[in-house]
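Undergrad: make a model of this:
(chains A, B, C, D, E and F)
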There are 6 protein chains.
Amino acid sequence: MDTNTDRRLVMVGMMIAIFLASFVAADFDLLQDVCVADLASGVKVNGFPCKSNVSTEDFFFAGLVNPGPTNNTFGSTISLAGVKQIPGLNTLGISMARVDYAPGGLNPPHTHPRATEIVYVLEGELDVGFITTENKLYAKIIKKGEIFTFPRGLLHYQRNIGNGPASAIASFNSQSPGTQREANALFAATPIVEDVVLTKTFQVGTKMVEKMRSRLAPK
Amino acid sequence: MDTNTDRRLVMVGMMIAIFLASFVAADFDLLQDVCVADLASGVKVNGFPCKSNVSTEDFFFAGLVNPGPTNNTFGSTISLAGVKQIPGLNTLGISMARVDYAPGGLNPPHTHPRATEIVYVLEGELDVGFITTENKLYAKIIKKGEIFTFPRGLLHYQRNIGNGPASAIASFNSQSPGTQREANALFAATPIVEDVVLTKTFQVGTKMVEKMRSRLAPK
Amino acid sequence: MDTNTDRRLVMVGMMIAIFLASFVAADFDLLQDVCVADLASGVKVNGFPCKSNVSTEDFFFAGLVNPGPTNNTFGSTISLAGVKQIPGLNTLGISMARVDYAPGGLNPPHTHPRATEIVYVLEGELDVGFITTENKLYAKIIKKGEIFTFPRGLLHYQRNIGNGPASAIASFNSQSPGTQREANALFAATPIVEDVVLTKTFQVGTKMVEKMRSRLAPK
Amino acid sequence: MDTNTDRRLVMVGMMIAIFLASFVAADFDLLQDVCVADLASGVKVNGFPCKSNVSTEDFFFAGLVNPGPTNNTFGSTISLAGVKQIPGLNTLGISMARVDYAPGGLNPPHTHPRATEIVYVLEGELDVGFITTENKLYAKIIKKGEIFTFPRGLLHYQRNIGNGPASAIASFNSQSPGTQREANALFAATPIVEDVVLTKTFQVGTKMVEKMRSRLAPK
Amino acid sequence: MDTNTDRRLVMVGMMIAIFLASFVAADFDLLQDVCVADLASGVKVNGFPCKSNVSTEDFFFAGLVNPGPTNNTFGSTISLAGVKQIPGLNTLGISMARVDYAPGGLNPPHTHPRATEIVYVLEGELDVGFITTENKLYAKIIKKGEIFTFPRGLLHYQRNIGNGPASAIASFNSQSPGTQREANALFAATPIVEDVVLTKTFQVGTKMVEKMRSRLAPK
Amino acid sequence: MDTNTDRRLVMVGMMIAIFLASFVAADFDLLQDVCVADLASGVKVNGFPCKSNVSTEDFFFAGLVNPGPTNNTFGSTISLAGVKQIPGLNTLGISMARVDYAPGGLNPPHTHPRATEIVYVLEGELDVGFITTENKLYAKIIKKGEIFTFPRGLLHYQRNIGNGPASAIASFNSQSPGTQREANALFAATPIVEDVVLTKTFQVGTKMVEKMRSRLAPK
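TA: Numbering: from 1, shown residues only, chains lettered A, B, ... in the order given. Alright, predicted model coming up:
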C-alpha cells in the first residue's frame, strides 16, 4: 500500500472521528440538567440517548395549537406531545396531548400502562370516567376549564356530550405514556387473537367476533 | 373536681397511653429491614402501616398448595399470594399467584396496572400471549417448567389447550399487582358503563351490549 | 376504685375505640388502585394517609375555570390544583395549575423542587425561559396553544408580553410540586436572612438590601 | 486528492452509515412497551441497550424445565432466568430461578443486593431462613406448594431436609438480582482477602483461615 | 351516671382530643418540603410519620464530634447519624456515620442492604475493600482526606493499618442504611443458625462452629 | 473500482470494527454490581454508559485532600467528588464535595436540583441555613465535627463566621447533584435575563440591575 492510501485512511479515520464526535457533547455538563433525546441515534436505550446540540426548540412544541381531524370511527383524535415531539422531555417524566372530539365523539376505553392522566377541558362538555380493578366506575360530566383525574393504568374514556366540537388538554406523568385501546387491541391485533379467546372473553359467538373484528380493523 | 377524679383521669390517661403504646413497636429497629403490614390498622397509607409483633408466619403462605375451583364462566381461577395474604411482603415489591385451569379454561385478557408478570407452568400446556400498545400480539404455547413474560401494564391472557387440568405459578413485581379484566370492567362495572360508550367502542348494537352485560354479570 | 369508675373507664375506652374506629376504612381493597388523601387525618406521612369514603368528586376540580386576581406586585397569580385541591391525586405523582397574568405581568423566577413543568398557553403571548446550572438561559416567546418545558428543579419564569391579559395551564409531575420564588425566599424569609449574606450574594450595600426587603415583604 | 478518492470516501461514509444504521430499530415505537436487551451491543449501559428485532422468543425460557446437577460442594445448584437468559426482561424489574437440592443439599447463606425473593417449593421439604440486621433469625420448614419470603438484601439460605431430591422456584423483583455467597466471597475472592481481616472477623487462627480458603476455593 | 361523671368524661374526651391533636400539624404546608420523623408516633409506616413542630434542631447532630470507644472485639466502633439521630432526614434518603478504629482495628466485612457508601478518612491510614458478586476484591490503602466507594449491597470492610487511632466519615444514600455483619449474623443470630448449615457453609466441623459462635457471641 | 480500493475499504471496515470493539466489555457480568462511567464514550445517556476495564482507582479520589483557593468574589470554593471525578459512582446515587472558606467567606445561596445534602464541619465555625418554599429560614451555627441537613431542592448557604479558614465535607444523594447559585443564574446568565424581568423580580431599577450584573459577571 502506498502513501496515498495512508493519507486517505487517515482522512477516513478523521471522518469517522468527526462523525462519532458529533455524538459527543461539546458541553457534557448540560447532561446533568437535561438529556435531550437524540431521536436519530443508532443506539437504543430505555427512553433515548442524549444529543449534543441542545437548543430552545427542543423544549417547545406548536403541534397542539390546531384541532386534529375527527372524521373517523370514533369521532375523536389524539395529538401527542411526548418525547418524540419534544425531545427535551427525555428523562423528565412528563408529556401532554390534545384530544379533539366531534359531536358525540368518543375517546374509547383505554389504558396508559405508564402514566396517570389529568384532563382539562378546553371547549365543550365531556362525559368522562374510569373503572377500578374492583369494576367500580367513577364517571362525571365536566365542562370548559374543569379537570378530572384518571389513575395510572386504569381503564378510562371521554365522550363529547355537547352539540358542537369539544377539545381537551391531557397531561401525563411519563415522557411516553403509551395508549392501549382494549377493544382495538383484542379485535385488531396482528396476528389476530384467536376466536376461542375472544368468544369466551366476551361470551359471544364466532360470527359476532368476526363482525367486531371487521369493524375495528385498522383503516 | 376532687382528687378522686384526678386519680381517675390519671388512670384513663394511662389507659390511653397503654392503648396507644400497643401500636408502638417493641423493636423499632426491625422496621429498617421489614415493615410487615398491619392489616387491621385504623390508619390507611400507601400500602399498609407496619405492625409490631413480627413473626416467621408473616413471611409464609400455604394457600397455593392446592388447586382452586375452575367450574366458573371462564374455567379458571386465581389464588393470590399478595400483601394481604403475606403481610411480610409490605414495602417489598413482590408477590405470587397460582392459576388453575379446567380443560379449555381461559384466564381472560387482563392488565396488571402495577406489575410485570412471569408465569411458570406447573402442569399442562398453555397458549399464552400479550398485546403491545401497537396492537402487536406475542403469543406462544408453553409447557410444564417453561416460563413466559407479560410486560407491565399490557393486555395478556393464558388458555389451557391440553386435555387435562393445567396450573401455573405467576410472579409479580408488586406487593399488590391489581388485575383488570377488561371485558368484565366494561360490561360488569357498577354503575354500568353507558350503552352509547360500549356500542361505539365495540361497534355493535345496543341489544348485543345488553346480551354481553347479562352474560358477564358477576354471579 | 369503685364499680362506677370501672363503668366510666369502660365508657371512655369505648369512646377511644369509636374515635379510632373512625379512621378505619370500610373498603380496604380500593387502596390498591387509589389512595385518596385524607386531608383531615391526625396522622401525617409522606404525602397523606388515605381516606375511606372515596367519591367521584375526589378526582374532580372546578377551581381553574376562572382567572385569578392579578392586581399584585408581580401582576400574576397561580391557582394550584394539587393534592390539597384534588385529594385523589395522592400517590399519583401529577398536578396542574392555572396562571393568570395582567399585561406586563410576571411569574417571577422560581424553582419547583419536586417537579418538571409543561406550560400550555390558554390566551395571550408569553416570554418564557429557564436557566441551567451552567447559567445558560433558554428563552422563547410562545403563543396560544403552544407549549414549553421547564426541567425539574431549574429556575424559570414567564412574562406576559401582550397587550391584554394572558393565561396558561401548567402541568407538573408531582402531586405537590412546591414553589420557591428565590427573590422572595431571600428577601422575605422569616426569620430574615442576615444582611451580610445578602450583600455578599448580590454584591450590593446594606441599604439596598433593606430597600429590597421592604419592597418584597409579604403584604 | 483526485475524484476517485472522493468517490471512495463517499462509499466509506455509506458503509459507516449502513453499519450504524444496523443499530437503528425498524420499529422505534416498540421501545415504549418493551426494551428487549441487546446482549451483543458494544455499548454498555445500566442494564442493557434495546435491540431492534423483537420476537416472541425474547420473552420465553425453557431452561428451568429440568433439574440442574447437584453433585458439588453444597449439594445444590441454581439455574437463573434473568435478563441474560430472557432478554425481554430488560427494564422490567423481574426474574426467576430454579434451585435443585440433593438430599441434605444446602443453598448456602447469601444475599441478593438488588432483590427481594419469594421461594415456591416444587418438590421436597426445605428448611429456609433469613437473618435481619438485628441478627434475628426467621426460619421455617416449608413443603411442596408452600412459599416463603426473603426481604431485599438480607442473608438467607435453604436446606433440603427430606430424603430425596428437592427443588424450588425462586422469583426476584430485579432483572438481575445478583448473588453474593458470603463465605465464598470472603474465602475465595480474587485477589484474596488478607488473613488479618479474616482471622479477626471470624475469631479464628491463620491456619484455620487457610483451611477454609482451600475448601471453598472454586473448582 | 351522674352529671359529674359526664363532666369527667367530657374532660377525658378533651384530653384525648388534645393528645391526638398533638399529632396534627399546625402547618400542613411544611410537609411538602420536609417530613421530620415523629419518632414517638404510635403509628409505624415505611420510614416514619411526620411530626408537627419542626425546629432547626431536627436537622442538626453533634454526636459525631468525638471518637467512640474502640476497646471491643474488633477494635472499632460506628456512630450513626441516621433518621433516628436526625429526624429531619426522614424521606430525604441520606445519612452519615463516624467510624473510629484502634490501631489494627477492623470494621469487619458487612453489607448495607439499602445504601451505597462513600468513606472519607478523617485521620490515619485505612486498608479498605469491597467484593463483587463475582467474588472479585477491589482493595486499596487510603489516607487522610482521601475517599473510597462501596457500591450498594456489596460486602466491604475497613482496617486501620496505621500506628495510631484512625477515624472516618461515612456517607450513605439512605436515611437508614442498615448494617449486616455477616460473621455475626451467622454465628450470633437469635435463634442460632443450625450447626449443619454453618459446617457446610464454611466447610468446618461442628466443634469449630461452636468455638466461633462463642467468640462472636454478643457481649 | 479496483481491488486496491476493495482492500482499503476492508481495512477501513476493520478500523471501524476495532474502534467500536473498544466499547465492548470484556466482562459483562460486572455490570450487575457496578456500571463505572465511561466518561469518554461517544454515546450519551442519562448518567453515563459503563466502561469495560474497571479498576480499583475508579472508586477512589484524592482530590479532596487539600483546601481549594478562596481568593474569589465569595471567599469560598467547592471541590466536587462526583461521577466525573469518581467514575465508579455512576448509577450509585451518591457523591461528595469539599468546601473551603476564607474568613468571612460565603458559599452563596444555591439549590441542588437533584440532591439532599449533609454537611460535616472539618474545621472552623459556620453559619448555615436553608429556606423552605414557605419562606421559612432554618439557620444555625455549627462547629467542627457537627453536621447539618439541607433538604432536596431548597435554597441554602454556609458562611464562615470564625477568624480563620474553615472547611467542610458535603455529601449528596446524587452522582451529580448540580448546583444553581440563584444570584449568578439571574445576573450572569448567557444570554442575559432581560432587565424587565429582573427589575420586577427584585423591585429595583434598571441601573441597579446593571450594577449587579457587572459585579456578578464571571471573571
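
Undergrad: can you give me the neighbour number for the closest residue to A:Gln85 other than its chain neighbours?
TA: Spatially, and ignoring its direct neighbours in sequence, A:Gln85 is nearest to A:Phe61 (5.4 Å; Cβ to Cβ, 6 or more residues apart in numbering or on different chains). Bear in mind the C-beta positions are built from the backbone N, C-alpha and C, glycine included. Neighbourhood size, A:Phe61 [other Cβ atoms under 10 Å in any protein chain shown]: 27.

Undergrad: with the one 4 residues further on instead?
TA: By the criterion of other Cβ under 10 Å, A:Val65 has 14 neighbours.

Undergrad: and the residue nearest to A:Gln85, how far from A:Thr116?
TA: Computed with Cβ to Cβ, to the nearest Å, the distance linking A:Phe61 and A:Thr116 is 21 Å.

Undergrad: that older thread, per-residue confidence for the residue nearest to A:Gln85?
TA: At A:Phe61, the model reports a pLDDT of 98.

Undergrad: likewise A:Gln32?
TA: Per the predicted model, pLDDT is 56 at A:Gln32.

Undergrad: what segments of chain A are strands?
TA: A:60-61, A:76-81, A:95-101, A:106-111, A:117-123, A:125-131, A:137-143, A:147-150, A:155-160, A:166-172, A:180-181 (DSSP state E).

Undergrad: each with direction, which strands does the last one pair with?
TA: Translated: strand A:180-181. Next to strand A:180-181 in the sheet, as set by DSSP bridges, lie strand A:106-111 (antiparallel).

Undergrad: how many other residues sit next to A:Ile94?
TA: Using other Cβ under 10 Å: A:Ile94 sits among 30 other residues.

Undergrad: which one is it nearest to, not counting chain neighbours?
TA: Leaving out its chain neighbours, the residue that sits closest to A:Ile94 by Cβ to Cβ, 6+ apart is C:Asn173, at 4.5 Å.

Undergrad: what about that neighbour, how many residues nearby?
TA: 26.

Undergrad: over to the one 3 residues further on?
TA: Counted with other Cβ under 10 Å, the burial measure for C:Ser176 works out to 24 neighbours.

Undergrad: OK, contacts around it?
TA: By Cβ atoms under 8 Å, 6 or more residues apart in numbering or on different chains, C:Ser176 lies in contact with C:Gly47, C:Gly82, C:Val83, C:Lys84, C:Ser95, C:Arg114, E:Gln32.

Undergrad: on that earlier part again, need the contact list for the residue nearest to A:Gln85.
TA: Contacts of A:Phe61 by Cβ under 8 Å, 6+ apart are A:Ala81, A:Gln85, A:Ile86, C:Glu146, C:Ile147.

Undergrad: was I right about the first one contacting A:Met96?
TA: Yes. A contact is recorded between A:Ala81 and A:Met96 when judged using Cβ atoms under 8 Å, the distance being 4.4 Å.

Undergrad: picking that back up, need the contacts of C:Ser176 in JSON lines (columns: distance to E:Gln158 and neighbour count).
TA: Below are those laid out as JSON lines (distance: Cβ to Cβ, whole Å; neighbours: other Cβ atoms under 10 Å in any protein chain shown):
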{"residue": "C:Gly47", "distance to E:Gln158": "38", "neighbour count": "23"}
{"residue": "C:Gly82", "distance to E:Gln158": "45", "neighbour count": "22"}
{"residue": "C:Val83", "distance to E:Gln158": "44", "neighbour count": "24"}
{"residue": "C:Lys84", "distance to E:Gln158": "47", "neighbour count": "18"}
{"residue": "C:Ser95", "distance to E:Gln158": "45", "neighbour count": "30"}
{"residue": "C:Arg114", "distance to E:Gln158": "36", "neighbour count": "22"}
{"residue": "E:Gln32", "distance to E:Gln158": "39", "neighbour count": "22"}
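
Undergrad: so where's chain A uncertain?
TA: Low-confidence segments of chain A (pLDDT under 70): A:1-32.

Undergrad: residue boundaries of the helices in it?
TA: Listed in chain order, the helices of chain A (DSSP state H) span A:3-21, A:182-187, A:195-202, A:206-216.

Undergrad: quick one: the shortest one near chain D?
TA: In this case it means helix A:182-187. No. Contact between helix A:182-187 and chain D is absent, the nearest approach being 11.4 Å (criterion: Cβ under 8 Å from any Cβ of the partner chain).

Undergrad: now for that helix, which elements pack on it?
TA: strand A:106-111, helix A:195-202, helix A:206-216, strand B:155-160, helix B:182-187, helix B:195-202 (3 or more Cβ pairs under 8 Å, 6 or more residues apart in numbering or on different chains; DSSP states H and E).

Undergrad: export the ones you listed to a markdown table and tack on distance to B:Lys219?
TA: A markdown table is the format used below for the helices and strands packed on helix A:182-187 (distance: least, Cβ to Cβ, whole Å):
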| stretch | distance to B:Lys219 |
| --- | --- |
| strand A:106-111 | 23 |
| helix A:195-202 | 15 |
| helix A:206-216 | 22 |
| strand B:155-160 | 21 |
| helix B:182-187 | 11 |
| helix B:195-202 | 20 |
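
Undergrad: dump these into JSON lines; add mean neighbour count as well.
TA: Compiled in JSON lines, the helices and strands packed on helix A:182-187 are given as follows (neighbours: other Cβ atoms under 10 Å in any protein chain shown):
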{"stretch": "strand A:106-111", "mean neighbour count": "24"}
{"stretch": "helix A:195-202", "mean neighbour count": "20"}
{"stretch": "helix A:206-216", "mean neighbour count": "16"}
{"stretch": "strand B:155-160", "mean neighbour count": "25"}
{"stretch": "helix B:182-187", "mean neighbour count": "25"}
{"stretch": "helix B:195-202", "mean neighbour count": "20"}
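
Undergrad: what's the closest of the ones you listed to E:Tyr101?
TA: Closest approach to E:Tyr101 among the helices and strands packed on helix A:182-187 is made by strand B:155-160 (55.0 Å; Cβ to Cβ).

Undergrad: verify the contact between A:Ala62 and C:Lys144 for me.
TA: No. Using Cβ under 8 Å, A:Ala62 makes no contact with C:Lys144, being 10.3 Å away.

Undergrad: re earlier: ok, the contacts of A:Phe61 vs A:Asn107, which is closest?
TA: Nearest to A:Asn107 out of the contacts of A:Phe61 is A:Ala81 (Cβ to Cβ; 16.2 Å).

Undergrad: and the helices and strands packed on helix A:182-187: which comes nearest D:Pro218?
TA: Nearest to D:Pro218, of these and by Cβ to Cβ, is strand B:155-160 at 40.8 Å.

Undergrad: and the closest one, does that touch chain A?
TA: Yes. Using Cβ under 8 Å from any Cβ, strand B:155-160 reaches chain A at B:Leu155, B:Tyr157, B:Arg159.
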